[in-house]
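Engineer: Pasting the sequence and the predicted model now:
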Amino acid sequence: MNVSAGLATFDPAIANASRTVVAPLVSRYIQVLLQDRSLSWPVDPIDSTCKASENYTSYLIAGPYNTVVPWPFPNANKGVDIDGFRIENAPYYQVDMWDASLDTLGMSQSRDCVVYGGLDATRKYATMLYIAEQEFPGVLGAGWASCQLGYSPTNGSCLYPGSRSDWTTFIRFYRRTKTLVFSRSSFAILDVADLSAPQPQNITPTALFTAVDTVLYRPDKTAPL
């Protein structure tokens with residue numbers, strides 16, 4: 001049986017087109033993406049500034065079992081003694097992340113920030129998320145602040161935003177091919193090898209916000225249900 005695997009290049013139009021089908025699944029991934037070893041794997045960073053940072057982390061975003069189509073094991077592990085399944089030379093994403101301080105972060109609240117919240121403007125939790133291109137090509141600055149009094153029911157603006165000083169990060173994306181071994185029973189990644197040379201992947205703030213809009217309620221654009 002021929003199967004395919006790996007992650008295609010990021011396309012926010014696909015996220016928007018399939019939002020009613022995959023939004024619940026993506027919402028779960030958002031919460032556990034970097035902790036779930038069936039979805040991601042820690043690797044060495046690529047960006048030189050990231051490496052020099054005091055606090056940094058880097059992950060391979062793979063989710064290998066979700067990328068295998070068609071699934072070649074319809075009967076689970078019946079009659080099979082080997083649990084591991086190897087995917088060779090498949091494309092995935094790597095993301096480098098390191099601490100950013102407000103004095104080094106290029107960001108305009110009016111231009112780069114978006115408020116997300118619940119249908120109730122003042123009783124439900126709301127947050128202001130910001131993503132902005134930085135001085136160095138391919139590097140994004142990102143972070144969030146809580147809207148401590150909710151958001152304005154008139155224009156969706158954040159009311160009394162909290163401090164952003166502890167929630168700022170620089171991000172850079174890369175494309176790489178690699179060989180992955182994952183467990184067919186637990187779906188956890190077991191090993192990563194043969195990483196190719198990284199290819200920088202420029203993903204714009206607009207593209208990321210387009211994807212986030214499909215899973216979170218944005219009061220300045222989305223009409224209440």
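Structural biologist: Noted; the coordinates are in hand.

Engineer: after the least confident helix or strand in the chain by mean pLDDT, next one along is what?
Structural biologist: Ranking every helix and strand in the chain by mean pLDDT, DSSP states H and E puts helix 19-32 at the bottom, with a mean of 66. Using DSSP states H and E, the helix or strand that directly follows helix 19-32 along the chain is strand 40-42.

Engineer: Which elements pack onto that following strand?
Structural biologist: On a contact count with 3 or more Cβ pairs under 8 Å, 6 or more residues apart in numbering; DSSP states H and E, strand 40-42 meets strand 56-61, strand 189-193. Yep, even glycine has a C-beta here, placed from its N, CA and C like the rest.

Engineer: for the record, mean pLDDT for it?
Structural biologist: The average pLDDT within strand 40-42 is 94.

Engineer: same question, stretch 45-65
Structural biologist: 90.

Engineer: picking that back up, so which of the helices and strands packed on strand 40-42 is the most surrounded?
Structural biologist: strand 56-61 (a mean of 18; mean count of other Cβ atoms under 10 Å).

Engineer: D44 versus A197, what's the distance?
Structural biologist: 13 Å (Cβ to Cβ, to the nearest Å).

Engineer: Pull the number of nearby residues for Q134.
Structural biologist: By other Cβ atoms under 10 Å, the residues close to Q134 number 18.

Engineer: repeat for S196
Structural biologist: With other Cβ under 10 Å as criterion, S196 counts 13.

Engineer: So the closest residue to it other than its chain neighbours: helix, strand or coil?
Structural biologist: Setting aside the residues directly before and after it, S196 is nearest to T177 in space (Cβ to Cβ, 6 or more residues apart in numbering), at 4.4 Å. For T177, the assignment made with DSSP: H, G, I helix; E, B strand; the rest coil gives strand.

Engineer: quick one: contacts for T177?
Structural biologist: By Cβ atoms under 8 Å, 6 or more residues apart in numbering, the contact set of T177 is 6, 89-92, 194-196.

Engineer: Buried ones among those?
Structural biologist: Buried members of these, counted by 16 or more other Cβ atoms under 10 Å: 6, 90-92, 195.

Engineer: which of the residues you listed lies closest to D83?
Structural biologist: A90 (19.2 Å; Cβ to Cβ).

Engineer: Mind listing the residues bridging to that closest one?
Structural biologist: K178 (DSSP bridges).

Engineer: what sits against it?
Structural biologist: So A90 contacts 5-6, 64, 67, 177-180 (Cβ under 8 Å, 6+ apart).

Engineer: let's see it at 10 Å
Structural biologist: 4-7, 62, 64, 67-68, 176-180 (Cβ atoms under 10 Å, 6 or more residues apart in numbering).

Engineer: The residues you listed into TSV, with extra columns for distance to S157?
Structural biologist: Converted to TSV, the contacts of A90 look like this (distance: Cβ to Cβ, whole Å):
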residue	distance to S157
S4	45
A5	44
G6	41
L7	35
A62	38
P64	41
T67	39
V68	44
R176	40
T177	44
K178	43
T179	48
L180	44
